[in-house]
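# Dropping a prediction and its sequence here:
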Amino acid sequence: MGLRGRDLAKVLLLIVVPWAFIVFAAPLYNRPQPELGGWPFAWWYLTAWVFIQPALTYVVYRLIDRRSGS
């Protein structure tokens with residue numbers, strides 16, 4: 001019923017990696033330059049993650065759903 005070994009590792013990576021990119025990469029993107037369209041890069045970076053994270057969460061959901069036999 002549950003995930004095992006490699007599947008669990010994949011799920012954890014898909015959930016933990018985006019969090020790490022947002023939290024630990026803050027010094028890389030938390031600056032006013034460069035700008036894209038007049039907006040600081042930090043805004044673009046964080047906005048991109050608003051779309052990336054749900055996509056990764058959906059992938060994790062599909063992996064878990066497929067393994068559970070639903």
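Thanks, I have the structure now.

# Now do residue 58 against residue 65, distance only.
Distance, residue 58 to residue 65, using CB to CB, to the nearest Å: 10 Å. In short, each C-beta sits where N, CA and C put it, glycine included.

# Give me the helices and strands touching the longest helix along the chain, please.
What stands out as the longest helix in the chain, according to DSSP state H, is helix 41-68. With contacts defined as 3 or more CB pairs under 8 Å, 6 or more residues apart in numbering; DSSP states H and E, the packing partners of helix 41-68 are helix 5-23, helix 26-29.

# who's in contact with the first one?
Meaning helix 5-23. 3, 46, 49, 52, 53, 56, 57, 59, 60, 63, 64, 67 (CB atoms under 8 Å, 6 or more residues apart in numbering).

# who's in contact with residue 52?
Residues near residue 52 by CB under 8 Å, 6+ apart: residue 18.

# got the angle between the longest helix of the chain and helix 5-23?
Relative orientation of helix 41-68 versus helix 5-23 (axes from the mean of the first three to the mean of the last three CA atoms, to 10 degrees): 160 degrees.

# coming back round to it: tabulate the helices and strands packed on helix 41-68 (TSV), appending distance to residue 40, mean neighbour count and mean pLDDT.
Formatted as TSV, the helices and strands packed on helix 41-68 follow (distance: least, CB to CB, whole Å; neighbours: other CB atoms under 10 Å; pLDDT from 0 to 100):
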stretch	distance to residue 40	mean neighbour count	mean pLDDT
helix 5-23	16	12	79
helix 26-29	9	12	80
